[in-house]
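Visitor: Next one to model:
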Amino acid sequence: MIYELKIEDDVPKTVNSFLKQLLESGKVDAVLAMQETPSGKSAFPTMISDPEKLNTNVFAPLLPVSTGAMVSRLTKIKGSDKPLAVVLRACEIRALTELLKLKQADLENIVLIGVDCPGTFPMKTYSNYPGDDDPTEVVLKGESEENMRTACLNCKDPVPETADMIIGIFGADTDKAILLDTRTENGQELVSDMKLSEVATEEDREKAVLEIRNKRDEARKAFIDEHSDIAGVDKLLEFFDTCVNCHNCMKACPICYCRECLFESDVFDVEASKYMAKAKSKGAYKTPTDSLLFHVTRFNHMILSCVECGLCEQACPSDIPLMDIITAIAENAQAEFEYLPGRDPEEEMPMIVYREDEFLDVGEK
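Guide: Take a look at the predicted model:
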């Protein structure tokens, strides 16, 4: 069922008021949502148990970390003992769904609240937003594309699907109300004691969601076509020419979860004589070594589950535009298996499930 949440001052405060009611009801023990830091220059997923300390801004246009990865960190050893409401964007829910399939998270006592995502800015842009405008207000008005992260401009789907309830702005008159779509019995039960007005028709919502999905599809196709020339070893070497082998992209990725990474082990530690031998044979030998091997291996490891959140690109100290290449690789690899990561918790993950009838014809197309 879809309800209206009447605007109280502005959209963020309206959502905060709803989450406060949820917390005060006692039906959840805490809320994990984006909350601004005291400076107001950033916001991070914050677990709040005291309703008076709840000051969330779930539409703050930045993504410092994946809340889906935070849920994994909180629950992969043992599920939550008490009900916890978690507010996530669409890409964060998709990442969490993939982590569930990899046995890296547990949704016991977890209430998933999805939010429509109008997009996010790089952290530096958000922290130093020019002028007196509030970046959240700007993004909610749809006036922010020039500042948007590449991943958000080409997002596969900014509308969450797999959640107990969804807080929606698409199709809503945000000067008057936003939408609350309860998707599961659990979600419906959580709001059963609240006095909410049911929306008479869902047509405006459905139309707006279709329009934004079509717009993102077109932008995505154009973006992939524009960067289709990044192929072959020489082009890849040029693309990653400024990589410093810091592995920040791997550490920021919500899908990379290995306790020990091959590239951070001692596998590549060799004695000086072997480096000297390579330098002798080639005439010159660049260090740090194996940066291209690292990226190609990482793509091979996580690309089928890549939700294209863009956190890898944001974490790069050399500002390598990683989405220029990851978007196309993910699109092609996932299409081969007809797999969309995070779409359905019950959908089996390729490369984990063996099928006898897959890829019977081998060779170049």
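
Visitor: Got phi/psi on residue 217?
Guide: phi -60, psi -40 (degrees, to the nearest 10).

Visitor: The nearest residue to residue 180 once chain neighbours are set aside and residue 45, how far apart?
Guide: Spatially, and ignoring its direct neighbours in sequence, residue 180 is nearest to residue 3 (4.5 Å; CB to CB, 6 or more residues apart in numbering). Where C-beta positions appear, they are placed from N, C-alpha and C, glycine not excepted. Counting by CB to CB, to the nearest Å, the separation of residue 3 from residue 45 is 25 Å.

Visitor: These two: who's more crowded?
Guide: residue 45 (21 against 18; other CB atoms under 10 Å).

Visitor: What is the neighbour count of residue 39?
Guide: Quick note: residue 39 (other CB under 10 Å) scores 7 neighbours.

Visitor: So for it, what's the pLDDT?
Guide: For residue 39, the pLDDT comes out at 86.

Visitor: need the contact list for it.
Guide: Applying CB atoms under 8 Å, 6 or more residues apart in numbering to residue 39 gives no contacts.

Visitor: phi, psi of residue 350?
Guide: phi -60, psi 160.

Visitor: Run through the bridge partners of it.
Guide: residue 353 (DSSP bridges).

Visitor: could you pull out the strands for this protein?
Guide: 2-6, 30-36, 43-48, 84-89, 110-115, 165-168, 177-182, 197-198 (DSSP state E).

Visitor: buried ones in the fourth one?
Guide: So the one you mean is strand 84-89. 84-89 (16 or more other CB atoms under 10 Å).

Visitor: tell me the average confidence for it?
Guide: 97.

Visitor: contact partners of it?
Guide: 19, 22-23, 28-34, 47, 56, 58, 63, 67-68, 71, 96, 109-115, 117, 158, 160, 163, 167, 190.

Visitor: List only those of those residues flagged as buried.
Guide: Of these, these count as buried by 16+ other CB under 10 Å: 19, 22-23, 28, 30-34, 56, 58, 63, 67-68, 71, 96, 110-115, 117, 158, 160, 163, 167, 190.

Visitor: Quick check: pLDDT value at residue 221.
Guide: 94.

Visitor: Now for it, how many residues are close by?
Guide: Other residues close to residue 221 by other CB under 10 Å number 12.

Visitor: what does the one 3 residues further on give?
Guide: Residues within reach of residue 224, counting by other CB under 10 Å, total 17.

Visitor: That one contacts residue 328, doesn't it?
Guide: Yes. Look at residue 224 against residue 328 with CB atoms under 8 Å: they come within range, at 4.8 Å.

Visitor: which residues of the stretch 101-250 of the chain fall in helices?
Guide: 123-127, 135-140, 150-153, 185-190, 203-226, 233-239, 248-252 (DSSP state H, counting those that start in this stretch).
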